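>>> need coordinates for the following:
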Amino acid sequence: MGISVKDALTLPGLNKARLLAGKKGLNKIIERVSVVEAPDFKAYKSLVKEGDFFITSFYAVKNDEHLQLKAVETLLSCGSSGLVVIDLYFKDLSKEIKNFADEASFPIMILPESVPYAEVITNVMDAIIRQKDNLIKEMRINNILQNGRTKNEIIEMALSINRNFRKNVVCAYCINTDGLLDSFVSLKNYSEKFKTWEIINYQKGILIIMTFENNPENLVKYLINEIMDIISLKGKTFKIGVSDVHEGLEFLNLSIKEALIAADASDRISQSCIVNYRDLGIYKLLMPLRDKAEIQNFYNEIIPPISIYDQKYNTKLFETAVAFVENDGNIKKTARALFQHENTIRYRLNRIKEILNMENQEGSFYEQLSIAVKIHKLLF
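Residues are numbered from 1 along each chain as shown. The predicted structure follows:
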């Protein structure tokens, strides 16, 4: 498994390249990177493999646009993922070549000659190696998260990811990052000073496993803020879910699950960039169950009847219900939030009770309404 051309363009060296054509092909995967100069088209077909990414100055064909186009056509037909042209002889390519690359979704970039070939090759290949190493670690994380694992199995699999892991563990999961590889590399570099940490590209985000010899309770907030600052400096948008601190490496599976749930919840119910699992309240229970039929059935019994009434009579009962729950069932605070009289709020709540046949269920009414509103936030 390699890296995408798009991600490669965030690496040192290639980040100075300018895309000339083939923008739609930026998701092509780079498996290897090399230099090509001689226009030996027969050799291309035997040497080029799917996913090969090339650097060239086009020296051998610098005066022949027809051969330049033929070279691009041949590389594409052999499965090449893209081409970087050093601007030693060209500041641009012909319109015909660029039109062909655009139509074929074949990325072509131009790079300043001041950037050494070796820097591009080394950085791209290092990223590919990291990606393959990351894939192995991602598979091990999936194994750790499987139900039925014993404590010893979890510890053994955790140490196969990092032999330096310590007993106190806390996880963070970062999602919604733009330019994931760029953020990943920055966090990897930051984590180098923490040999007991591991940074893994996991699913569509970045999993940060932090372990400590002693309880890090007072340190975690500071470290998470540092991580946030690192990504912010890169101009990224993100959400971070943070697990509780667990004493015992055998709880790594639980710590990872908490971080994933907190990150998912942050993306759905919170405006904050950082959400701690411990602060989720009832969402701890609702998040893992949100796709269950029972949750949907419970929701359907409460929210749709209110919404249908609103549509039919042009009322704002659902808006009132949400504000009532967000203000912890306090009528005075709800009225203030909606700029309404308290009696108006009471009238609307009584109407909701009538619709739901809950006129005589004061405590149960708020409890069920609160859960239904929270489910609504998760589903929509």
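>>> what is the least confident helix or strand in this protein?
helix 41-47 (a mean of 70; mean pLDDT, DSSP states H and E).
>>> quick one: name whatever helix or strand follows it.
strand 52-56 (DSSP states H and E).
>>> that next one packs against which elements?
In this structure, strand 52-56 packs against strand 32-35, helix 65-77, strand 82-86, helix 117-145, with contacts taken as 3 or more Cβ pairs under 8 Å, 6 or more residues apart in numbering; DSSP states H and E. For the C-beta atoms, the positions are set from N, CA and C on the backbone; glycine is no exception.
>>> let's see it at 6 Å
In terms of contacts (3 or more Cβ pairs under 6 Å, 6 or more residues apart in numbering; DSSP states H and E), strand 52-56 is packed against strand 32-35, strand 82-86.
>>> quick one: strands adjacent to the longest one?
In the sheet, strand 82-86 lines up against strand 52-56 (parallel), strand 108-111 (parallel) (DSSP bridges).
>>> which of those strands is buried the deepest?
Mean neighbour count (mean count of other Cβ atoms under 10 Å) peaks for strand 52-56 among the strands paired with strand 82-86, with a mean of 23.
>>> re the thing from before, will you turn the helices and strands packed on strand 52-56 into a markdown table that also has distance to E65?
A markdown table is the format used below for the helices and strands packed on strand 52-56 (distance: least, Cβ to Cβ, whole Å):
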| stretch | distance to E65 |
| --- | --- |
| strand 32-35 | 21 |
| strand 82-86 | 13 |
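>>> what's the closest of these to V185?
For V185, the closest of these is strand 32-35, at 16.6 Å, according to Cβ to Cβ.
>>> low-confidence ranges, the stretch 51-200 of the chain, go.
Scanning the stretch 51-200 of the chain for pLDDT under 70 picks out 177-181.
>>> output the below-cut-off pLDDT ranges for the stretch 201-350 of the chain.
Of all residues in the stretch 201-350 of the chain, those with pLDDT under 70 make up the ranges 233-237.
>>> could I get the helix or strand hosting R348 in CSV with only the CA atoms?
Using DSSP H and E, R348 falls within helix 342-355. Below are the C-alpha coordinates for helix 342-355, written out as CSV (Å, rounded to 0.1, in the frame of the first residue of the first chain):
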residue,chain,number,x,y,z
GLU,A,342,-42.6,31.2,30.7
ASN,A,343,-46.3,30.6,30.3
THR,A,344,-45.8,30.1,26.6
ILE,A,345,-43.1,27.5,27.3
ARG,A,346,-45.5,25.7,29.8
TYR,A,347,-48.3,25.8,27.2
ARG,A,348,-46.0,24.3,24.5
LEU,A,349,-44.7,21.6,26.8
ASN,A,350,-48.3,20.6,27.8
ARG,A,351,-49.2,20.4,24.1
ILE,A,352,-46.2,18.1,23.6
LYS,A,353,-47.4,15.9,26.5
GLU,A,354,-50.8,15.7,24.9
ILE,A,355,-49.4,14.7,21.5
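>>> neighbours around the closest residue to Y309 other than its chain neighbours, how many?
Closest residue to Y309 apart from its sequence neighbours, by Cβ to Cβ, 6 or more residues apart in numbering: I355 at 5.5 Å. Close neighbours of I355, defined as other Cβ atoms under 10 Å, add up to 14.
>>> tell me the pLDDT at I355?
I355 carries a pLDDT score of 96 in this model.
>>> also the one 3 residues further on?
Looking at M358, its pLDDT stands at 93.
>>> surely it forms part of a helix?
No - under DSSP: H, G, I helix; E, B strand; the rest coil, M358 falls outside any helix and is assigned coil.
>>> L88 versus the nearest residue to T56 once chain neighbours are set aside, what's the distance?
Nearest non-adjacent residue to T56, counting by Cβ to Cβ, 6+ apart: V36, 5.2 Å away. Going from V36 to L88 by Cβ to Cβ, to the nearest Å gives 15 Å.
>>> and for K62?
Taking Cβ to Cβ as the measure, K62 falls 9 Å from L88.
>>> for R149, same thing?
56 Å.
>>> more neighbours: those two, which one.
The residue with more neighbours, out of R149 and L88 and counting by other Cβ under 10 Å, is R149; that gives 17 against 14.
>>> in a strand, that's where that one is, yeah?
No - counting by three-state DSSP, R149 is not part of a strand but coil.
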